[in-house]
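K.L.:
kindly generate the corresponding structure for this input.
(one chain, ligands or ions: 2)
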Amino acid sequence: MRITIAGAGAMGSRFGLMLHRGGNEVTLVDGWLEHVTAIKEHGLQANFNGEEITAHLSVELQSNISSEEKTDLIILFTKAMQLDKMLQDIKPLIAEHTKVLCLLNGIGHEDIIEKYVSKNNIFIGNTMWTAGLEGPGKAKLFGNGSVELQNFIPGEEETAKKLADILSASGLNANYSDNIHYSIYRKACVNGTMNGLCTILDTNMAGLGATKPAHDMVVTIVKEFAAVAKHEDVNLDIDEVVEHVETCFDPETIGLHYPSMYQDLINNNRLTEIDYINGAVSRKGKKYQIATPYCDFLTQLVHSKEELLKAK
Ligand SMILES: NC(=O)C1=CN([C@@H]2O[C@H](COP(=O)(O)OP(=O)(O)OC[C@H]3O[C@@H](n4cnc5c(N)ncnc54)[C@H](OP(=O)(O)O)[C@@H]3O)[C@@H](O)[C@H]2O)C=CC1
Ligand SMILES: CC(C)(CO)C(=O)C(=O)O
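P.N.:
Ligands and ions are numbered 1, 2, ... in the order given. Model prediction:
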């Protein structure tokens with residue numbers, strides 16, 4: 001299958017690499033010139049569960065996409081604020097049959113995707129895989145993960161299941177979800193707790209979990225997400241979601257991972273996705289007249305830190 005990874009940072013590199021090793025024809029597309037050049041010249045280098053490997057993947061700068069390269073599947077893995085521009089740039093790759101799967105963290109990306117892709121070709125989901133970049137063309141990939149996905153509109157269930165099978169055949173452990181909005185909110189609770197708190201407290205997820213107030217903070221934030229989700233007919237089971245979020249504390253699984261927001265702001269001095277996670281809940285809270293004080297405060301703290309660090 002011809003697969004394009006649109007946004008080939010840490011996660012795009014992981015998915016691209018695993019799908020390539022699984023026998024698919026993969027092209028990475030990204031806007032970061034040094035990263036694209038490094039992969040072109042030396043291949044994608046990765047520490048993959050402790051083993052140093054190099055994969056010679058096809059890679060293109062997103063500003064150089066030409067219309068002769070239609071693709072079967074596009075997996076979107078940009079940062080939320082880069083999504084619109086990426087979709088504009090890869091328009092020439094989108095044929096009538098092209099399926100588009102969005103696995104970004106955060107809530108509401110379908111509003112942007114719909115501007116470029118017909119609804120029957122849109123598939124949405126989320127992932128618990130982790131990844132990091134150690135420099136241009138160099139990924140660090142450890143631990144296990146999973147993917148959940150579903151068709152955006154009814155009628156495409158079989159295609160969604162086939163997409164899950166394609167990802168699973170490459171070891172990505174993907175499952176069809178019959179309630180993806182629940183699953184996206186559930187994952188947003190993971191990011192709404194782990195990402196902002198680890199970034200502000202300067203720790204990884206295991207470190208956060210080892211502090212006494214961690215559990216209360218997780219519960220309070222999950223309750224704010226749940227109150228907002230309820231207005232969108234998504235009824236989160238708070239105890240189940242808290243338990244799921246707290247699996248991230250385990251140093252034997254992904255606890256040693258520094259969330260992507262930490263990598264953005266602290267390691268790379270880049271702006272964060274906070275407005276698409278806790279910030280989205282704050283905005284929805286205002287709209288539905290629900291108080292979301294922890295999400296409001298965490299969003300403000302992260303924005304203050306972005307300013308203090310002069311993140312770009
Ligand atoms: N990392 C993780 O473990 C996980 C991330 N996610 C989600 O996946 C999506 C993609 O995240 P992720 O893969 O972490 O993103 P990355 O930050 O690794 O890459 C995203 C883009 O940022 C730019 N970029 C990244 N690092 C640099 C740098 N040092 N200098 C210049 N540009 C850089 C590149 O695009 P450009 O140059 O065009 O700006 C790149 O395509 C996000 O929605 C994230 O929340 C989900 C699960 C886990
Ligand atoms: C859950 C977690 C922490 C890893 O999958 C993540 O989504 C991130 O790093 O943004």
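K.L.:
nearest spatial neighbour of residue 178, skipping sequence neighbours?
P.N.:
The shortest distance from residue 178 to any non-neighbouring residue, by Cβ to Cβ, 6 or more residues apart in numbering, is to residue 150 (6.9 Å). C-betas here are computed from N, CA, C, even on glycine.
K.L.:
need the three-state assignment for the one you found.
P.N.:
strand (DSSP: H, G, I helix; E, B strand; the rest coil).
K.L.:
cool, residue 233 as well?
P.N.:
Assignment for residue 233 (three-state DSSP): coil.
K.L.:
now do it against ligand 1, distance only.
P.N.:
In this view, residue 233 and ligand 1 are 24 Å apart by Cβ to the nearest ligand atom, to the nearest Å.
K.L.:
which parts of the stretch 51-200 of the chain sit against ligand 2?
P.N.:
By the rule Cβ under 6 Å from any ligand atom, the part of the stretch 51-200 of the chain lying against ligand 2 is 105, 128, 130, 190, 191, 194, 195.
K.L.:
ok, residue 57 touching residue 17?
P.N.:
Yes: applying Cβ atoms under 8 Å, one finds residue 57 in contact with residue 17, separated by 7.3 Å.
K.L.:
more neighbours: the two, which one.
P.N.:
Between residue 57 and residue 17, counted using other Cβ atoms under 10 Å, the more crowded position is residue 17 (26 against 20).
K.L.:
so what does residue 204 have for phi and psi?
P.N.:
The phi/psi pair for residue 204 (degrees, to the nearest 10) reads phi -90, psi -180.
K.L.:
list the contacts for the closest residue to it other than its chain neighbours?
P.N.:
Nearest residue to residue 204, sequence neighbours excluded (Cβ to Cβ, 6+ apart): residue 258, at 4.9 Å. Neighbour list for residue 258: 132, 198, 204, 205, 266, 267 [criterion: Cβ atoms under 8 Å, 6 or more residues apart in numbering].
K.L.:
and residue 55, by the same measure?
P.N.:
17, 20, 21, 43, 44, 46.
K.L.:
give me phi/psi at it?
P.N.:
Dihedral angles (degrees, to the nearest 10) for residue 55: phi -120, psi 130.
K.L.:
grab the nearest non-local neighbour of it.
P.N.:
Nearest non-adjacent residue to residue 55 (Cβ to Cβ, 6+ apart): residue 44, at 4.8 Å.
K.L.:
burial count for the residue in the chain that ligand 1 sits nearest to?
P.N.:
Closest to ligand 1 within the chain is residue 9: 1.8 Å, counting by Cβ to the nearest ligand atom. Using other Cβ under 10 Å, residue 9 is surrounded by 25 other residues.
K.L.:
any idea which helix is longest in the protein?
P.N.:
helix 180-201 (DSSP state H).
K.L.:
how about the helices in the stretch 201-312 of the chain?
P.N.:
Counting by DSSP state H, counting those that start in this stretch, the stretch 201-312 of the chain has these helices, from start to end: 205-209, 214-230, 238-246, 260-262, 278-288, 293-308.
K.L.:
thanks a lot, see you next time.
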